[in-house]
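# sequence and predicted structure below; questions after.
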Amino acid sequence: MKKLSARRRHPLAALVVLLFALAVTGGLYAAFAPADKAQADDTAQSLAIKEGKKLFAVGCASCHGTGGQGTSDGPSLVGVGAAAVDFQVGTGRMPAQQPGAQVPRKRNIYSNAQIDQLAAYVASLGPGPSVPDKSQYSAAGADVAKGGELFRTNCAQCHNFTGKGGALTNGKYAPTLEGVDPKHIYEAMQTGPQNMPSFGDGTLSPQNKKDIVAYLGAVNGDKTASPGGMELGGLGPVTEGLFGYIFGLGACVAVAIWVAARTTKAKKS
Amino acid sequence: MSETEENLPSERDVAHEGAVGKADNPFADPGLPAHEHRIQDIDERAAKRSERTVAMLFLVSMLATVAFIASYVAIPIDKIVYIFPIGHVSGLNFALGLTLGVALFCIGAGAVHWARTLMSDEEVADERHPIEATPDVKAKVLADFAQGAKESQFGRRKLIRNTMFGALALVPLSGVVLLRDLGPLPEKKLRTTGWKKGIRLVNQSTNLPLRPEDIAVGSLTFAKPEGLEESDEDFANKIAKDALMLVRIQPQNIKDKQELAWSHEGIVAYSKICTHVGCPISLYEQQTHHVLCPCHQSTFDLSDGGRVIFGPAGHALPQLHITVKDGFLEAVSDFAEPVGPSFWERG
């Protein structure tokens, strides 16, 4: 130490100290600096976002804006989450064919991989619900009876008691839930597509949602039996009464007319 | 054919009816047409055939009834079968319906066939007779009545007559008074609900008190007052007034000043009971903030004080004034006006 302090007035001392300080600063920076951009771009996630952005520019940007910020023709997608994209594109509702009271379900034109890329891009715009995984909406571990109770409290007012759908105002309607993928039902509850209110995890827990999906599978699935037969759309007493009056009474009247119109006389005149 | 002949019977009809000529009396009663026989009346073999048909129908009905009982016994109640145009149905329901239908139809069809082919179909004229009594009988009845009135002294003893009228007039009043037992008077019950200051809002789905951060913009939640449980004896009566729907609207989208003051950061609480005839309404459209009643299509705007924008409802939807205490949503007071349909004294 004495030797070092003896040379502190050497003409090159300042240079040595400067070099030393630079080396330490640089080393510390290299050790603690965040990973730089070029590295991150190689992960699968950011590749998906990049691809999704390209798909978005082609299929969605005309209404939702180039950055998903929304325009007069379409709402902002910041914060809607991957679940909303998976629902809207997966059921074919988006891209919309034409403006109107309500965008209908139609054939989906995107592959699953493309939907995932779009979802990754939209999810990167702001935090929102993510796509549920199979264990969240499968019937295993669900309480169908509880699901029915929850469905009648929260959903049946618009979607009918067994999810057959119903009319709303000005051409809007609650669509039938028949043949809808359980994943899409789950996502619709999470995100509240179009005029449907959302049922977030804070007010309707994931287990509640699972129960509701299981209930719909039980009453409205492909293999659901109808004990009485002839459901007539499952729309309730109005359709059943109308059917009874028109076809039941109609058949009775037709038989009565047929009987009376045929004479029993031997001589037909 | 000339105009004068058009409405007259044809030559053939005149010849057929013989003596009745148009010259004598054009309005003469032509009488009944001649009876025509059925084939069963002429041909005994045809009659036998009809008999066998009717008996066969009755026999099929008997067999169908036996089949009905047999299916009731044999088919398990949860057996599901596939029937072509109908789909998967309960085998028991289908068998019972089919056999009972066949049994009833065959009885009816047999009876109709029997009546049409075998029972006599001779036309019979049945003259009507006056229903008035003969003068003798009439005179006797009137005389009996006058004698009875005289013997009872009804006309002479006016005190008895008047008190009897009084007694008869008062007796029905006891029936009128008993109508009071039809039910307790509603008193103040129509004007108040279970909500009052400090009662927490409890989520109807999870049965947990609601926090403002649980309720997202565009969501719909149903709430009941804390302390009201589904197991309560009078739950149905109470929830019919207390049911609440909670929605969250961006505060800048709320048009009504009082609604904004009664909300908490855009969370508004409205009665779920339609002001028309009290149906539960919750067909909420989150983009328009309209709520539609499924019964008569009354539509309310939840961003504008629950104003009626369509339909027969006469009052805006009542809003509950809410606030936050200790992190949970709670009521500030009861509804400011009666919830549900209008009533006579509502004002």
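On my side now, so go ahead. Numbering: from 1, shown residues only, chains lettered A, B, ... in the order given.
# going forward, measure contacts and count neighbours with C-alpha atoms only.
Will do.
# in the longest helix anywhere in chain B, what counts as buried?
In chain B, with assignment by DSSP state H, the single longest helix is helix B:44-74. Residues B:46-47, B:50-51, B:54-55, B:57-62, B:64-65, B:67-68, B:71 are the ones in helix B:44-74 that count as buried (16 or more other CA atoms under 10 Å in any protein chain shown).
# with stretch A:171-182 instead?
The neighbour-count check on stretch A:171-182 (16+ other CA under 10 Å) flags A:172-178, A:181-182 as buried.
# compute the first-to-last residue distance for it.
End-to-end distance of stretch A:171-182 (CA to CA, to the nearest Å): 26 Å.
# what's next to that stretch, contact-wise?
A:101-102, A:137-138, A:158-159, A:163-168, A:185, A:196, A:213, A:216-217, A:220-222 (CA atoms under 8 Å, 6 or more residues apart in numbering or on different chains).
# from the chain's centre, how far out does it sit?
Here stretch A:171-182 is found 12 Å from its chain centre; the criterion is CA atoms, centre = their mean, to the nearest Å.
# what's B:Asp214 sitting at in phi/psi?
phi -70, psi -20 (degrees, to the nearest 10).
# try A:Lys106
phi -150, psi -180.
# for the closest residue to it other than its chain neighbours, which residues are in contact?
Counting by CA to CA, 6 or more residues apart in numbering or on different chains, A:Gly92 is the residue found nearest to A:Lys106 once chain neighbours are left out, at 4.7 Å. Taking CA under 8 Å, 6+ apart as the contact definition, A:Gly92 lies against A:105-109.
# now with 7 Å, please.
A:Gly92 sits next to A:105-108 when contact means CA atoms under 7 Å, 6 or more residues apart in numbering or on different chains.
# and these, which of them are buried?
Neighbour-count burial (16+ other CA under 10 Å) applied to the contacts of A:Gly92 gives A:Asn108.
# domain ranges for the chain?
Assuming you mean chain A. By the assignment in automatic domain parsing, chain A contains the domains A:44-125, A:134-220.
# could you do chain B instead?
Here the domain parsing of chain B from automatic domain parsing is B:39-117, B:201-331.
# need the residues of the stretch 201-347 of chain B near chain A, please.
Contact residues, the stretch 201-347 of chain B versus chain A (CA under 7 Å from any CA of the partner chain): B:203, B:205-206, B:214-215, B:218-221, B:282-287.
# gap between B:Gln250 and B:Gln286?
Counting by CA to CA, the separation of B:Gln250 from B:Gln286 is 11 Å.
# neighbour-wise, which of these two wins?
Using other CA atoms under 10 Å in any protein chain shown, the more surrounded residue of B:Gln250 and B:Gln286 is B:Gln286, with 23 against 12.
# just to revisit the earlier point, quick check on the residue nearest to A:Lys106: phi, psi?
Per degrees, to the nearest 10, the backbone of A:Gly92 is at phi 80, psi 0.
# OK, contacts around A:Gly148?
Residues in contact with A:Gly148, defined by CA under 7 Å, 6+ apart, are A:212, A:215.
# that one falls within a helix, correct?
Yes. Looking at A:Gly148 with DSSP: H, G, I helix; E, B strand; the rest coil, it is inside a helix.
# returning to that earlier point: tell me which of the domains of chain B lies nearest to A:Gly244.
With respect to A:Gly244, and counting by CA to CA, the nearest of the domains of chain B is domain B:39-117 at 15.4 Å.
# that closest one - what's its average pLDDT?
Average pLDDT, domain B:39-117: 93.
# run the contact check for that domain versus chain A.
Yes. Legend: contact between domain B:39-117 and chain A by CA under 7 Å from any CA is shown at B:39, B:86-90, B:93, B:116-117.
# picking up where we left off before, out of the contacts of stretch A:171-182, which are buried?
Listed as buried from the contacts of stretch A:171-182 are A:102, A:137-138, A:158-159, A:163-166, A:168, A:185, A:196, A:213, A:216-217, A:220; burial here means 16+ other CA under 10 Å.
# what is the burial count for residue 27?
Just so you know, I chose chain A. Residues near A:Gly27, counting by other CA under 10 Å: 12.
# sorry, should have said chain B
Neighbours of B:Phe27 using other CA under 10 Å come to 9.
# distance of it from A:His10?
Distance of B:Phe27 to A:His10, computed by CA to CA: 156 Å.
# now stretch A:197-208: buried residues?
A:197-204, A:206-208.
# can you say which of the domains of chain A is nearest to A:Tyr245?
Shortest distance between A:Tyr245 and the domains of chain A, using CA to CA, is found for domain A:134-220: 22.8 Å.
# now the closest one: mean pLDDT?
Per-residue scores along domain A:134-220 average to 90.
# find the nearest non-adjacent residue to the residue nearest the centre of chain A, please.
For chain A, the residue sitting closest to the mean C-alpha position, by CA atoms, centre = their mean, is A:Phe87 at 2.8 Å. Using CA to CA, 6+ apart and skipping the chain neighbours, the partner closest in space to A:Phe87 is A:His184 (5.4 Å).
# what separation do you get for the one you found and B:Leu302?
Remark: distance between A:His184 and B:Leu302 (CA to CA) = 28 Å.
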